Every structure is written in structure tokens, then in C-alpha cells.
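In: dropping the sequence and predicted coords here.
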Amino acid sequence: MNTSALARGDGGSRWQIFAQRRKDFPQHNAMDEGTDEAAPRNDGSAPSGRFETAPALPIASVLFRALNEAGLRYGIVQDLAFLQDAFAGRDDLDILLDKHDYPAFCSIVNGLQGRRGVSLSCYDNVCAGREDWFLPDFSSGRYLHLDVHIGVRVGREFRKRYPAFDYAAIKRWDAMHVGDVAVPVVSPEDELRLTIARFAFRGWTLPLRRWVTMRHHWRDQFAQLPFAPSGQGLHVVEFAFGGERTATCRFRQSGDDLVAHRGDLVRLRRSIREMCGFTERHEIADTAVHLVRKSSYLALRLLQRLMPGRLPPKRRFATGGFLVAVIGPDGVGKSTQVDRLTQTFRWKFGCTQAYAGTGDGSGWWHRKALQKVLFPYRRRLKSLVQPHGKDSVRGTRAKGGVAATGLALWAILIAFERYAVVKRAHRMATRGLIVICDRWPQGQRRGYLDGPTIPPHLFSVRGLSVLARLEQELYRRMEARRPHLTLHLVSDFAVSESRKPGEIGKEAFDARLSLMAELRAKDEEIRTVDASSSIEAVGRELFRHIWLSL
């Protein structure tokens, strides 16, 4: 679709002023250096706090340099106010790509360890010619979200099926810089037409009204385009569809609002549909499909809040779900890193965490309540369970038998809870979620790293031997259901003591490290991460291991 210039005679100077502001925007906001100032607004209003300037991720300049060197025809088609956040990995980055360069683009992104994402079909961004790609930046432990468009599609919010703009339809590209790399960005004229074409299918008003008011985010988006908020008169934008057919859209300022002519929007919608081979009667079908998909979307979002982890996520990796277990002695930062990783991946993917221990993490409420009651007496109970000789007092042996039975039942309760956690984590991964588990059961050695806890000498006690064999069977089943990736956090005892003084003794700490070494000897796929570094450095290393295993 070809586009023409603005019909107003005084539009040229405003375009030049706005284009100069676009050109100066990266330098003003220090694309390469962080600052605490927010991005300016062209309408003179106060900037929003969410637009706090952040430095671009290093992978962004690597990507665009590779695209430029390969001679790919591409450009950024995005609201300028969100572009800074997009380069910093805080927002989506919309890339319009020529269809013939798509194979080369995939090759470049794959070479940079990019991963493709897929979404449920009821969501608004599922349409032909659009894909989600995610590019990791291992130096910061974050990733870029690339919305790759073969053609910019317009339509209802949940029915974007009209490819109104392709790469050839954009007549001029401006340049912005990420580091020392020039990135083509859609010109203000073409950005205005893209925005109007989207709004033509999304804006509405009562049938008897001639003018449609720009509301909510549309008003903010138009305020950043080359319209003087305080100006008077009519603004006219023309669309050329080939040949001599054109469509015009009229806009004017109405008090504090910007309004568009309803009849012009109707004619623009009709022209776009006819250009794409559709007729006016398809508008009814678009509305029906939009309402069905939006209803499904809202219903799924509600169910996901009510039943987290039981439904497929909105977006997942094309390779499906993934289960990660983070294991290590006390004090090495397992819980902190699990929280950080969950927050990182949850930005764009369905991601949840699980806990397979008996500490402060989540768990069965009745087990946690009972544990709170018994915790002050744990040392006394364990001493009673120790084997007694023939000369021991009969009362002591009786108390020991009661304590042994109680601790055996307690061990079975914990084993069943851990078994439920393991099964639930695998179910959530099967549904497409990324599951990051704090701890993971093992059955190689008793009493360490969330393993069995019934002492071996109780296997010969009548009645308790049944519970001991049941516990052994549960841990055997858990060992058979391994996570997709196991990460071991290792460090010196001094690190654990400095982070959690008195939490664990050196002998117990070394015993856990020794057991972890035995587990790694049995499974060469287990990855080791040095937890002695800073929290940020450890998080980046864990992120790298997880991403490369997806």
C-alpha cells in the first residue's frame, strides 16, 4: 500500500520539527548510558515514571550489527516512547521484516541463541506473518522480546487478519543508534499512518455521532505524533491504495481531546479490506470472532488466577515446558536465586516455582502446623529414637518406640508431600510452564539433601519396617522422575556462615557437598555453579545454563 504526504499545507514544518525530535531522542536520553530522567513527551505533559531511562542491552547492538552486515531489509515499527524500554529488555521490540529475508533473519537469531515462542490461539497476537523471538543477553541475565512482523496486520483487537503494510509500503526510514550501530526506525509520517490504520479498526462511538474520540492509550500515542495539542483547524491524512484510489482521514482538536471523523474511518476500513481481498460483510465475522476470542481470553486469565499452574500459559517456548531444580547446602542462596529466575522468565512466559524442602518455603499447611509444634522438641525425640541396649530401662525403650513410630509417620508425611510436589512440577512443565524448583529429593543417602529420614535400624522393627519400605519406594519413584536440568550451587563453608550464621555446621555442610559430588558422578548432565560470587553474577550464570538447555 502506497502512502502520500499530509494534505495540510502547514504540515511540513511540523513534520520537520517532530523528525528532529525523533533524531535527537536517543542522544537526549543516553541510549548507551543509564540516567534517572524519564523520556520527554511531545505534548508537554509530565513523563510517566515507567519510562525511566535504562541502558540498552549489549545483545541489541550485536543483533542489529549482524542484521546490517547481512544486508537485511528491516525496520522498527514502534511507538517512540516505548522504544527505549524495548532496547533495554523492558518492553516488546516490533520489527518489520521483508518476507524474502526471513530465512536469513532466523539463521542470525539462532546463531545468537535466540528461541521462538508460541502463544495460545485465542490471544490477540496469534496471526500469520507474526512471530515471537527471544534473544538472551548473558552479560545481564535478561532477554530481548522481538515481535517479528512479515507484514503489519490491522483489525479488531483479537482479529488482526488484514496485512495493510509490508516492508515496501514504508517509504522512509529514520535512523536511531544503539551503541555505534544505526537502526532503521519508521518515519513519523508512516508511523502516523500505521497508528491511524490500527485505530480505524479499534475505535468506536455511538452510531449517530460524527466524531470518534481518542481515548486511553490511543490519545497518548497520538499526542506523540506531529499534531500540536493546542492547535486549531483540521488535519487530513491521505492513504493511497494503488492506481487513483485514495482514502482520507480527518482529525481535529476538540478541547483537550483529539477526535477523528467516523465516516473517514469507515471508508478506510473498507479500503483496507478490499485491498486484502475481503468484502464489507466480513466485518460481522470479524466482530463475532473477536468477541469469542476475547471471552476465551478473559475466561482463561480468570482461571489462571484461580488455579495457577493448572492451565497452559499464554506464551511458552516452542520446545515446550521446562523443569529446573536448584540444589545446594543451606546459605548458598538457593531461594534468592529461584525468586530472581522466576521473576526474569515470568516477564513473558508462564513461569512458576516449587519447593521440595521442609523449611520456610511453601508446603502442606497441616504439615507446617505440626512441624511448628514439634520443632522445639526435635532434639529430644531424635535422642529417643537412637538404638538402646538390652540393659536399658524398659520405660526408656517404650518411649523410644513411641518416638520412633511418630518420627516414621512424620517421615512418610514428608515423603508423600515431596512426591506430590514432584508430580505437580512435572505436570506444570508438561502444560508448557517453566518450573523452577528450590531443592529436589534424592534417595542415595539418608538424612541429607531432602532424602529419606527413617534410620536404617528401624527396618528390623516390626511394624516400622513397613513404613520404612514405603518411604524407600516413594523416593525411588521420585528418583525416576528427574528434572530436565539440575543445577548445583557450591561454595566454601565461610560463604554459608557469612550469609546464614549458625544455620548449619561445617561437618554437615561438607557432608552435603560430598553427596552432591556423588550425585554428579552418577549424572554427568548436572551443572555446577560457583555460589561464592555476587548474587548478580550467580544469577547470570544460572540464567545462561537454563537458556542454553531450553
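Out: Now that the structure is in, tell me what you want to look at.
In: what sits against the spatially most central residue of the chain?
Out: The centroid of the chain falls nearest to residue 348 when counting by CA atoms, centre = their mean (2.1 Å). Residues counted as contacts of residue 348 (CB atoms under 8 Å, 6 or more residues apart in numbering) are 117, 132, 134, 143, 145, 315. For glycine as for every other residue, the C-beta is placed from the backbone atoms N, C-alpha and C.
In: cutoff 7 Å now
Out: If you count contacts by CB atoms under 7 Å, 6 or more residues apart in numbering, residue 348 has them with 134, 145, 315.
In: check pLDDT for the residues you listed and point me to the minimum.
Out: For the contacts of residue 348, the weakest pLDDT value sits at residue 315, with 89.
In: that one: neighbour count?
Out: 19 (other CB atoms under 10 Å).
In: just the one 4 residues further on next, same as before
Out: For residue 319, the number of neighbouring residues by other CB under 10 Å comes to 13.
In: one more: the one 5 residues further on?
Out: With neighbours defined by other CB under 10 Å, the count for residue 324 comes to 27.
In: just confirm it is within a strand.
Out: Yes - assessed by DSSP: H, G, I helix; E, B strand; the rest coil, residue 324 belongs to a strand.
In: nearest residue to residue 430 other than its sequence neighbours?
Out: residue 321 (6.1 Å; CB to CB, 6 or more residues apart in numbering).
In: just the pLDDT at the one you found, thanks.
Out: 93.
In: quick check, distance from the helix or strand residue 341 falls within to the centre of its chain.
Out: Using DSSP states H and E, the element containing residue 341 is helix 334-346. Distance of helix 334-346 from its chain centroid, counting by CA atoms, centre = their mean, to the nearest Å, is 12 Å.
In: after that helix, which helix or strand is next?
Out: Heading C-terminal from helix 334-346 (DSSP H and E), you reach strand 351-355.
In: list the buried ones in that next one?
Out: Going by neighbour count (16 or more other CB atoms under 10 Å), the buried part of strand 351-355 is 351-355.
In: widest-spaced pair of the residues you listed?
Out: 351 and 355 (14.7 Å; CB to CB).
In: residue contacts, residue 458?
Out: Contacts of residue 458 (CB under 7 Å, 6+ apart): 404, 408, 464, 468.
In: just to be sure, it is in a helix?
Out: Yes - per three-state DSSP, residue 458 lies within a helix segment.
In: where does it land on pLDDT?
Out: 71.
In: what of the one 10 residues further on?
Out: Reading off the per-residue confidence, residue 468 sits at a pLDDT of 86.
In: Three-state assignment for it, please.
Out: helix.
In: how close does it get to residue 211?
Out: As judged by CB to CB, to the nearest Å, residue 468 and residue 211 stand 79 Å apart.
In: more neighbours: the two, which one.
Out: residue 468 (21 against 16).
In: am I right that the more buried one is in contact with residue 453?
Out: No - Residue 468 is beyond contact range of residue 453, at 10.2 Å (criterion: CB atoms under 7 Å).
In: so the residue nearest to residue 211 when sequence neighbours are not counted is in which element?
Out: Spatial nearest neighbour of residue 211, excluding adjacent residues (CB to CB, 6+ apart): residue 259 at 4.0 Å. Secondary structure from DSSP H and E places residue 259 in strand 257-261.
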